[in-house]
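Generate coordinates for the sequence data below:
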Amino acid sequence: MPTFPNSGIPIAYEVHGEGLPILCIHGFGSSGKVNWIDTGWVETLTQAGYQPITYDNRGHGNSRKAYDSQLYYAHEMAEDARGLLDHLGIGRCPVLGYSMGARIAAFLALRHPERVTCAIWGGMGLNLISGLDDSEAIIEGLTADSLEQVKGRGARRRRVRGLRRGTRRGGGGPGLFCPCAGRGGGGGGGGGRARAAGGHVAAG
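Prediction:
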């Protein structure tokens, strides 16, 4: 998988097929493959005449893991998206973001509107504007030594979800932690199944 450096962090990406480029930004705890390839989005977009560009956000997949929590704010991660467009020589294109990826896409559109022809956000809702009130509790929950130390329903829910993912992938709880849990916004990685409806792309 090719990579490009942005602010000293190698970011892994893939370009699929030919056609109109569309940048796909995945959700928290996921990757370009899990969010967009495995769910059928890349296949559907390619068949619809697009060239999907998927990448692994910093701290995810095959991209470098940074251990400074200040590097995981959504506006920082949006610069990786902008940097990828620069790297590929793409002036502007549609941007598709899911969950945390929707927040990143929003900051990309806000900070670099000349780079985004349109933005499609999924899996975010009101948190895109209001943010997460319990983000610090969620971070503490993900980094706690045991579930018994975790306070609050939201934090416990995220902790259990992380443990389940770690079991499926052969990992373990706190090792899955990425500081963007609350600081970047957004939630999980499943982007929903893709389907073509009358020539348009929709989420199912």
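
Got the phi and psi for T117?
phi -80, psi -40 (degrees, to the nearest 10).

So it versus S31, what's the distance?
25 Å (C-beta to C-beta, to the nearest Å). Where C-beta positions appear, they are placed from N, C-alpha and C, glycine not excepted.

Strands along this structure, start to end?
Assigned by DSSP state E, the strands in the chain fall at 3-6, 9-15, 20-25, 50-55, 93-98, 116-122, 194-197, 200-203.

Can you verify my assumption that G32 contacts Y55?
Yes - look at G32 against Y55 with C-beta atoms under 8 Å: they come within range, at 5.4 Å.

Show me the common contact partners of those two, please.
Here G32 and Y55 have 12-14, 24 as joint contacts, going by C-beta atoms under 8 Å, 6 or more residues apart in numbering.

Neighbour-wise, which one of the residues you listed leads?
The residue in these with the most neighbours, by other C-beta atoms under 10 Å, is C24 (27 neighbours).

can you pull the contacts of that one?
Applying C-beta under 8 Å, 6+ apart to C24 gives the contacts 32, 35-36, 41-42, 45, 52-55, 96-97, 101.

Out of the residues you listed, flag the one nearest to A66.
Nearest to A66 among these, counting by C-beta to C-beta, is Y55 at 15.2 Å.

residues contacting the residue lying closest to that closest one once chain neighbours are set aside?
Excluding the flanking residues, the one nearest Y55 by C-beta to C-beta, 6 or more residues apart in numbering is Y13, at 3.7 Å. Y13 is in contact with 1-4, 32, 53-56, 84, counting by C-beta under 8 Å, 6+ apart.

want to try TSV for the residues you listed, with distance to E76 and neighbour count as columns?
Output for these, formatted as TSV (distance: C-beta to C-beta, whole Å; neighbours: other C-beta atoms under 10 Å):
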residue	distance to E76	neighbour count
M1	22	13
P2	22	12
T3	18	16
F4	16	16
G32	18	28
I53	20	26
T54	20	27
Y55	15	29
D56	15	25
L84	14	19
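
Which of those sits closest to L20?
So of those, ranked by how close each gets to L20 (C-beta to C-beta), first place is I53, at 10.8 Å.
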